[in-house]
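# Predicted model and sequence below, questions to follow.
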Amino acid sequence: MTRMVLPLAIALAALAGFNTPLQADVLLIEEVRTAEGMNLPVNGMSQADVRARFGEPEATHAPVGDPPITRWDYSGWSVYFEYDKVLWPVLDKGHVVANKSN
């Protein structure tokens, strides 16, 4: 009996493991596509332009490193600056999926 149960358990565990990465890949692709259409700062914008367009950040973090990298946090995303210029906006983990309208 044990000889039959063990291979079945291993097979089921292997099949269960395949669903998670495939589902995660689909969610990541959906998140990237949705993020591309969002209104976010673009590389090279100044801090003044970001404030004018998106308002005051919810939180700001002191510059770190050389060159100095600063982070401003908004609801659902953050923006990173090198000196005064936008490097890249970054969505909070799961932001798009959590706010997805069905």
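Sure thing, it's come through.
# Would you mind splitting the chain into its domains for me?
Residue ranges for each domain of the chain read 1-37, 40-93, as given by automatic domain parsing.
# So which residues of the protein form helices?
With DSSP state H as the criterion, the chain has helices at 2-36, 47-54, 95-98.
# mean confidence for the first one?
Okay, so that is helix 2-36. Taken as a whole, helix 2-36 has a mean pLDDT of 60.
# With the shortest one instead?
This predicted structure assigns helix 95-98 an average pLDDT of 55.
# can you give me the end-to-end distance of stretch 51-61?
Stretch 51-61 has an end-to-end distance of 15 Å (criterion: C-alpha to C-alpha, to the nearest Å).
# buried residues in that stretch?
54, 57 (16 or more other C-beta atoms under 10 Å). All C-beta spots, glycine's among them, are computed from the backbone N, C-alpha and C.
# What lies in contact with that stretch?
Identification of contacts with stretch 51-61 by C-beta atoms under 8 Å, 6 or more residues apart in numbering yields 41, 45, 70-75, 79.
# Filter those residues down to the buried ones and hand me the ChimeraX line.
The ChimeraX selection below is limited to those of the contacts of stretch 51-61 classed as buried (16+ other C-beta under 10 Å):
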select :41,45,70,71,72,74,79
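# any chance of the contacts of stretch 51-61 in TSV, with distance to residue 86 and pLDDT too?
What follows is the contacts of stretch 51-61, written out as TSV (distance: C-beta to C-beta, whole Å; pLDDT from 0 to 100):
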residue	distance to residue 86	pLDDT
41	5	94
45	4	97
70	10	97
71	11	98
72	10	98
73	14	97
74	13	96
75	18	91
79	6	97
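# Many thanks, have a good one.
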